[in-house]
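Asks: Fold the following for me, if possible:
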Amino acid sequence: MNPLVLVNGSHACPEERPELLAVCAGSEVMLERQAALGLGALMEKVDGWRFITPVSGWRSFEEQEEIYRRSMAENGETFTRQYVARPGHSEHQTGLAIDLGLSGPALDFIRPNFPYEGVCQRFRTLAADFGFVERYPAGKEHLTGIAHEPWHFRYVGQAHARRMGELGLVLEEYLDWLNAGEGSAAWESGHI
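Replies: So this is what the prediction gives:
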């Protein structure tokens, strides 16, 4: 799976199923192979598995459909459209996205707690070095079509994650930047 594949409300998920690995021993949460390896290395670096729970990784179309249907019934249309991608348009279906939560007794599946402090912030600070970006930051909702989700991380590869962070771009903007003159030149020259 191309780590830069764009999946959002306007771009459907590719139909190919990624090669999946469990994110950690004993977990049923799966990610695309490279994403799982990157997440494992990052969690080892921050001793994350002691404090952070993998909430949701790869999802089948059917699982995404059920989550969407259940959220519509329980939370209504406004909430669901802000926080749950339509089936066929979820990054989770690529195996490149992971939702993480600070471990605790009441872990919310749709909106887990992942604060900007402590081990969660250490994870966030080092994420790009392991190929991850916070996919839905505050202030970019008009571009991503999804509300701010501090718990949702997307694997894009180290070089892209670092550059996206330096430029302050979400994936939609970054792909436009890559396709523009400066991004293409940086890519071709090996600076990304």
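
Asks: going forward, measure contacts and count neighbours with C-alpha atoms only.
Replies: Will do.

Asks: excluding its backbone neighbours, what's nearest residue 16?
Replies: By the measure of Cα to Cα, 6 or more residues apart in numbering, the closest residue to residue 16 outside its immediate chain neighbours is residue 1, 7.7 Å from it.

Asks: That neighbour and residue 13 touch, don't they?
Replies: No - with contacts counted by Cα atoms under 8 Å, residue 1 stays clear of residue 13, the gap being 10.6 Å.

Asks: Compare those two (neighbour count), which wins?
Replies: Counted by other Cα atoms under 10 Å, residue 1 and residue 13 do not tie: residue 13 has more neighbours, with 20 against 15.

Asks: can I assume the more buried one is in contact with residue 89?
Replies: Yes - using Cα under 8 Å, residue 13 is in contact with residue 89, at 5.4 Å.

Asks: Report the set of residues contacting both of those two.
Replies: In terms of Cα atoms under 8 Å, 6 or more residues apart in numbering, residue 13 and residue 89 are both contacted by the residues residue 7.

Asks: what are the ranges of the strands in the protein?
Replies: In the chain, the segments counted as strands under DSSP state E are 20-22, 30-32, 52-56, 97-102, 132-136, 149-155.

Asks: where are the low-confidence patches of this structure?
Replies: Across the chain, the ranges flagged by pLDDT under 70 are 181-192.

Asks: 90 instead?
Replies: 1, 15-17, 104-107, 180-192 (pLDDT under 90).
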